[in-house]
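Participant: next comes the sequence, and after it the predicted model I'd like to discuss.
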Amino acid sequence: MKAVTWHGKRDVRVEEVPDPAIKEPTDAIIKITSTAICGSDLHLYEVLGPFMTQGDILGHEPMGVVEEVGADVEHIRPGDRVVVPFNIACGRCHMCGMKLYAQCETTQVREHGMGAALFGYTKLYGQVPGGQAEYLRVPQAHFGPIKVPDGPADERFVYLSDVLPTSWQAVEYAEVPEGGSVTVFGLGPIGQMTARIARHRGYRVIAVDGVPERLEMARRHGIEVVDARAADDVPDAVRGLTGGRGADSVIDAVGMEAHGSPGAKLAQTITGFLPDAVAAPLMKQAGVDRLVVLNQAIDTVRRGGVISVIGVYGGMTDPLPMLRMFDKGVTLRMGQAHVKRWIDDLMPLVTDDADPLAVMDLATHRLPLDEAPRAYEIFQKKQDGAIKVLLRP
Ligand SMILES: NC(=O)c1ccc[n+]([C@@H]2O[C@H](COP(=O)([O-])OP(=O)(O)OC[C@H]3O[C@@H](n4cnc5c(N)ncnc54)[C@H](O)[C@@H]3O)[C@@H](O)[C@H]2O)c1
Ligand SMILES: [Zn+2]
Ligand SMILES: [Zn+2]
């Protein structure tokens, strides 16, 4: 089959690789019909290379049709249309019992001290072949795959794999008070959907980004925006809009590759040029995050407010302003999304033909799998108006 494989910093290719096969009775094989590129894939493309191996198959936002199931897989059958959550969870362990699926104890990558395995996401997360391919082997398929109805376009459902549950969790963790305000940093796909979900739930949303078409997309869905490139001081701009106090809650939907962090960008660039054997342990101990947005979030939130970090961070010794955080009495919540936990909240919204979250207005590019190298490039460089790219195997 064809698959998108990683070969080095900013080097992804489409290659012929062996077809996956069932190995465990809890596996399924899915024929992929749509598969998205995520901001998290960009970290592999740029920063997390030391944890990748040449030829690793990328991708964790797939959907398709069940081709084959193992003997223990009962809730789906060949021919069913399914979306595959990005985290791999058993549904049966202590953590899964608490719906903390991103911490599943059956798939935790203990060797690296990490949480549940993820599709297509580095040795730290189990090096499981990903879903930017024609076929995908799904481990723990007795639990993971989400059945969706036949009929509507893939775009109505594909974001259940990551973007929608992640955004839902971001809002949930932000604990916005009834009728309160929330500032969303970052208007990539995650920030866009986070802002729309927060609005849908009745909050005042102020979103921040510096890319014109991303600001414009948010505006057309009724979101107030602050242009990070035009504002001298973003937290001040938000305070100006919120009676001088700051937002009740702030969501960081940017993560470790924030623009405007020159020192840390240098650290990321240097580790990118070291051999993996040197860079990987260094990155596990060093500070590598570009923290400008997290610092702005701490500044922007009102006293006693909540910060929900959904953007991914990866350094081990990055300094945080503890005095400011402690004195303001900030609550901080974060982590990988527990995808399946939020599906019951989201399914009524994506199956509603009125499309209340406007999922049909997120993808800007729908390309054949063969064009993955260009797709990664335009998404990373924010060229050609790229906001979300879907690949069709
Ligand atoms: N926690 C999870 O489970 C989970 C799941 C999916 C994605 N993520 C993470 O969420 C983040 C966003 O993902 P995405 O797909 O939307 O990616 P993206 O790269 O398209 O979005 C990032 C956005 O942040 C903006 N940005 C950068 N610097 C900024 C700054 N200084 N101020 C304001 N905005 C700034 C960029 O212009 C861009 O629009 C990534 O870190 C990704 O890894 C986390
Ligand atoms: Zn993703
Ligand atoms: Zn589990």
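Facilitator: Great, that's in hand. From a predicted model like this one, the values you see are computed outputs, not experimental measurements. Ligands and ions are numbered 1, 2, ... in the order given.
Participant: show me the contacts for the residue in the stretch 1-150 of the chain positioned nearest to ligand 1.
Facilitator: Closest residue of the stretch 1-150 of the chain to ligand 1, C-beta to the nearest ligand atom: Gly39 (2.0 Å). Just so you know, the C-beta spots here come from the backbone N, C-alpha and C atoms, and that holds for glycine as well. By C-beta atoms under 8 Å, 6 or more residues apart in numbering, Gly39 lies in contact with 188-190, 255, 311.
Participant: can you give me the offset of the one helix or strand in the chain whose mean pLDDT sits lowest from its chain's centre?
Facilitator: In the chain, no helix or strand scores lower on mean pLDDT, DSSP states H and E than helix 262-273, which sits at a mean of 72. With C-alpha atoms, centre = their mean, to the nearest Å as the basis, helix 262-273 stands 22 Å off its chain's centre.
Participant: and the next helix or strand past that helix?
Facilitator: helix 276-285 (DSSP states H and E).
Participant: what angle sits between that following helix and helix 262-273?
Facilitator: 150 degrees (axes from the mean of the first three to the mean of the last three C-alpha atoms, to 10 degrees).
Participant: quick one, what contacts the residue of the stretch 51-200 of the chain found nearest ligand 1?
Facilitator: For the stretch 51-200 of the chain, the residue closest to ligand 1 is Gly188, as judged by C-beta to the nearest ligand atom, at 2.1 Å. By C-beta under 8 Å, 6+ apart, the contact set of Gly188 is 39, 209, 214, 253-254, 387.
Participant: at 10 Å instead, please
Facilitator: Going by C-beta atoms under 10 Å, 6 or more residues apart in numbering, Gly188 touches 38-39, 42, 163, 194, 209, 211, 214, 253-255, 311, 379, 382, 387-388.
Participant: return the backbone torsion pair for it.
Facilitator: Per-residue torsions, Gly188: phi -70, psi -170 (degrees, to the nearest 10).
Participant: so it versus ligand 3, what's the distance?
Facilitator: 29 Å (C-beta to the ion, to the nearest Å).
Participant: tell me the SS of the residue nearest to Tyr101 when sequence neighbours are not counted?
Facilitator: Excluding its sequence neighbours, the residue lying closest to Tyr101 (C-beta to C-beta, 6 or more residues apart in numbering) is Ala89, at 3.9 Å. At Ala89 the chain is in coil, as set by DSSP: H, G, I helix; E, B strand; the rest coil.
Participant: residues touching Ala89, list them.
Facilitator: Ala89 neighbours (C-beta under 10 Å, 6+ apart): 95-96, 99-108, 115-117, 139-140, 143-144, 338-341.
Participant: show the pLDDT at it.
Facilitator: pLDDT for Ala89: 98.
Participant: now do Ser261
Facilitator: So, for Ser261, pLDDT stands at 67.
Participant: again, but for Val182
Facilitator: Value for Val182, per-residue pLDDT: 98.
Participant: name the residues of the least confident helix or strand of the chain that come out as buried.
Facilitator: Under the neighbour-count criterion of 16 or more other C-beta atoms under 10 Å, helix 262-273 has 264-265, 267-268, 271-272 buried.
Participant: isn't Leu282 right up against Leu274?
Facilitator: Yes: between Leu282 and Leu274 a contact is recorded at 7.0 Å, counting by C-beta atoms under 10 Å.
Participant: what's the overlap in contacts for those two?
Facilitator: Joint contacts of Leu282 and Leu274 (C-beta under 10 Å, 6+ apart) are Pro50.
Participant: next, format the buried residues of helix 262-273 as JSON lines and append distance to Gly243.
Facilitator: Listed next are those as JSON lines, based on distance: C-beta to C-beta, whole Å:
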{"residue": "Ala264", "distance to Gly243": "33"}
{"residue": "Lys265", "distance to Gly243": "35"}
{"residue": "Ala267", "distance to Gly243": "38"}
{"residue": "Gln268", "distance to Gly243": "38"}
{"residue": "Thr271", "distance to Gly243": "43"}
{"residue": "Gly272", "distance to Gly243": "44"}
